[in-house]
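[1] what follows is a protein structure lacking sequence information:
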């Protein structure tokens, strides 16, 4: 059937073909009247031979892919502008996005994951150029869940075989503290709580390095440790006005979330600082606690290496001491005297043990978690069946000498 040359409604010859979803339509440009509609299949033969039905033509599909690509590239460019990234970063992120869209693994993913694909390309680019950027920052800009973003990021890294270096702890400290709102005086932040950004970053870095040297960082999430270190550094810079401020209030003023383990990391850092303070000569006359030790964090960090050696036993010192005791050196005599003194005065001996250096061990070895108790064996499990294995100490009872064997034979003959 031939298509009409003019519109039967208004008589206009301005007829246009419009691809409405999957159907081609012939529409009058003057009055909007639909003159003809296309079919999903052209002829009955196509349906009879079970041929694939093309919902969208190849030209329309290529146009759709082009629009998706342009929209994604525009999102990547906008994200780079918001983060104020260099032009080289933007070009690299766009190239990764183009490669990802052409990869078959990302053709059938959900629309939500495709929208996060551009953010993952920007995140990969920043990591490769050692640009301090966290996953939380990207997720906050994209209003995305970190779990979903992490899954798309890992898929992108695997499918494109990208090499992404891990973010160093120093870069993480700078990035995390850049989001704090304590560096400018506002109506919500009192004047004594405002701090210089560079001073706070420098001292936080020193406390994080101390935590790394004392096994507080290994195997743990870095954000709670950085948050606790930032709180201690902020308090130590002006302790008179800030010692009464709690960690929860500090995070609220800074405008950051309080990670649940941050209280535990703060407690562990304070215990390390108290042990170091006990080795400083001019601090021994004071009664140090978790509040007053914050005032002297600057001095403790200045002599950090010396204080750690004195406050904690090093491995070689332990080996030398064990070797001296094994050889029976004169150093073992005072140890025996100290044991007798501890027996006479238990409280004094306990205080000496607390002040004496202890090995520098991870917290999981110092305070191990309690293991679950195993259930008591039931009566059926404890019943003797006769099939139990015989231990080495018990089997000796069944071995007989020559006299016992002769007596056993005589008794057997009588029976």
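    That came through fine. Just so it is clear, the model here is predicted, and its values are computed rather than measured.

[2] helix/strand/coil for the residue nearest to residue 121 when sequence neighbours are not counted?
    The spatial neighbour of residue 121 that comes closest, neighbours along the chain excluded (CB to CB, 6 or more residues apart in numbering), is residue 96 at 4.0 Å. Using the backbone N, CA and C atoms, a C-beta is placed for each residue, glycine as well. Classification of residue 96 by DSSP: H, G, I helix; E, B strand; the rest coil places it in helix.

[3] also residue 27?
    strand.

[4] that one contacts residue 35, doesn't it?
    Yes. The criterion here is CB atoms under 8 Å, and residue 27 meets it with residue 35 at 7.0 Å.

[5] which of the two has more residues huddled nearby?
    Using other CB atoms under 10 Å as the criterion, residue 27 and residue 35 rank with residue 27 on top: 19 against 16.

[6] ok, now which ones touch the more buried one?
    15-18, 33-35 (CB atoms under 8 Å, 6 or more residues apart in numbering).

[7] before we move on, what about residue 31?
    7, 9-10, 12.

[8] what about it, distance to residue 93?
    48 Å (CB to CB, to the nearest Å).

[9] the closest residue to residue 247 other than its chain neighbours: what's it in contact with?
    Among residues not flanking residue 247 along the chain, residue 231 sits closest, at 5.3 Å (CB to CB, 6+ apart). Taking CB under 8 Å, 6+ apart, we find residue 231 in contact with 247, 250-251, 262, 266.

[10] residue 238 reaches residue 194, doesn't it?
    No. If you go by CB under 8 Å, residue 238 and residue 194 don't touch, sitting 9.6 Å apart.

[11] give the buried residues for stretch 131-149.
    Buried residues in stretch 131-149, counted by 16 or more other CB atoms under 10 Å: 131-139, 142, 144, 149.

[12] what are the structural domain limits within this protein?
    The record, using the TED database to delimit domains, assigns the chain the ranges 1-39, 68-160, 169-310.

[13] list the residues that contact residue 79.
    By CB under 8 Å, 6+ apart, the contact list for residue 79 reads 118-119, 122, 138, 141-142.

[14] max pairwise distance over the residues you listed: which two?
    Maximum pairwise distance in the contacts of residue 79, criterion CB to CB, is 11.0 Å, between 118 and 141.

[15] that older thread, pLDDT-wise, what's the bottom of the contacts of residue 31?
    Among the contacts of residue 31, residue 9 has the lowest pLDDT, at 75.

[16] so who does it touch?
    28, 31, 33.

[17] residues in contact with residue 177?
    If you count contacts by CB under 8 Å, 6+ apart, residue 177 has them with 197, 200-201, 204, 226, 230.

[18] correction: residue 279
    Residue 279 sits next to 306-307, 310-311 when contact means CB under 8 Å, 6+ apart.

[19] so how far is residue 206 from it?
    Distance, residue 279 to residue 206, using CB to CB: 18 Å.

[20] what does residue 258 give?
    Distance from residue 258 to residue 206, by CB to CB: 22 Å.

[21] where does residue 165 land in three-state SS?
    coil.

[22] tell me the one of the contacts of residue 9 nearest residue 69?
    Of all those, residue 28 has the smallest distance to residue 69: 33.5 Å, by CB to CB.

[23] now, the contacts of residue 279 that are in strands?
    Using DSSP state E, no member of the contacts of residue 279 falls within strands.

[24] in TSV, list those residues along with neighbour count, distance to residue 109 and pLDDT.
    Below are those laid out as TSV (neighbours: other CB atoms under 10 Å; distance: CB to CB, whole Å; pLDDT from 0 to 100):
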residue	neighbour count	distance to residue 109	pLDDT
306	12	56	88
307	22	54	88
310	14	58	85
311	21	54	83
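
[25] mind jotting down where the strands sit in the stretch 51-200 of the chain?
    Shown for the stretch 51-200 of the chain, no strands are assigned by DSSP state E, counting those that start in this stretch.

[26] tell me where it is predicted with low confidence.
    51-66, 167 (pLDDT under 70).

[27] recalculate using a threshold of 50.
    51-57, 61 (pLDDT under 50).

[28] next, the buried residues of stretch 217-224.
    For stretch 217-224, a neighbour-count test (16+ other CB under 10 Å) marks 217, 220, 222-224 as buried.

[29] what does that stretch contact?
    Against stretch 217-224 from outside (CB under 8 Å, 6+ apart): 169, 172, 176, 208, 211-212, 225, 259-262, 264-265, 362.

[30] 7 Å instead?
    With contact meaning CB atoms under 7 Å, 6 or more residues apart in numbering, stretch 217-224 is reached by 169, 172, 176, 211, 225, 259, 261-262, 265, 362.

[31] report the distance from it to the chain centre.
    Centroid separation for stretch 217-224 versus its chain: 7 Å, with CA atoms, centre = their mean, to the nearest Å.

[32] next one: stretch 218-232
    Relative to its chain's centre, stretch 218-232 lies at 11 Å (CA atoms, centre = their mean).

[33] top of the contacts of residue 177 by neighbour count?
    Result: residue 230 is most packed of these (other CB under 10 Å), 28 neighbours.

[34] separation between the closest residue in space to it that isn't next to it in sequence and residue 176?
    For residue 230, the nearest residue in space outside its immediate sequence neighbours is residue 204; the separation is 4.8 Å by CB to CB, 6+ apart. Distance, residue 204 to residue 176, using CB to CB: 9 Å.

[35] equivalent analysis for residue 226, please.
    From residue 226 across to residue 176, the span is 5 Å (CB to CB).

[36] which helices and strands does the helix or strand residue 241 falls within pack with?
    Using DSSP states H and E, residue 241 sits in helix 239-242. Using 3 or more CB pairs under 7 Å, 6 or more residues apart in numbering; DSSP states H and E, no helix or strand is in contact with helix 239-242.

[37] what is the mean pLDDT for that helix?
    91.

[38] stretch 249-264 too?
    Per-residue scores along stretch 249-264 average to 90.
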